[in-house]
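Asker: sequence and computational prediction follow.
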Amino acid sequence: MYHAKNLNYPFSGQKDWEIALWLLHLGLSMGKIDSFLSLEMASKLFHFHYTFNDKSFIKIKGLPLSFSLAKELQGRAEMLPSGPRWMSQVLSTSHPTKSPIILYWHDLLDCILAILNHPFFRTL
């Protein structure tokens, strides 16, 4: 439902998503992200609060962020759709190997459904 109006849901928009993705891909701990958000330099950028659709956002250089703590960022990231499930199978070989050979795959129909059910394609 929310995806039809905002392709970046559960984030407020594209820039919010880009900042979230950047923070998540840095590999920082939640404490480090909170530490970054509480830096004096960052706190001067984050001190402008405003309300939009009964939700509180924080501005960083004019960008509305839908999270102000690492825990909020993690909660939003956990709301993202998971996509097709990975499956695996250990393959047996006629020759010994140092470690087992594991084949990983997605079900093709699940992949097609995930692509066709993506909100981007609902407008086509």
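Answerer: Sure thing, it's come through.
Asker: strands along the chain, start to end?
Answerer: Taking DSSP state E, the strands of the chain run over residues 48-52, 55-60, 63-65, 86-91, 101-106.
Asker: got the contact list for the most centrally placed residue in the chain?
Answerer: The centroid of the chain falls nearest to residue 77 when counting by Cα atoms, centre = their mean (4.1 Å). For residue 77, the contact set (Cβ atoms under 8 Å, 6 or more residues apart in numbering) comprises 20, 24. From N, CA and C alone the C-beta is placed, and that goes for glycine too.
Asker: residue 17 now?
Answerer: 8, 11.
Asker: kindly report the same for residue 107.
Answerer: 84, 85, 87.
Asker: select the longest helix from the chain.
Answerer: As assigned by DSSP state H, the longest helix anywhere in the chain is helix 14-25.
Asker: and it, how far out from the chain's middle?
Answerer: 8 Å (Cα atoms, centre = their mean, to the nearest Å).
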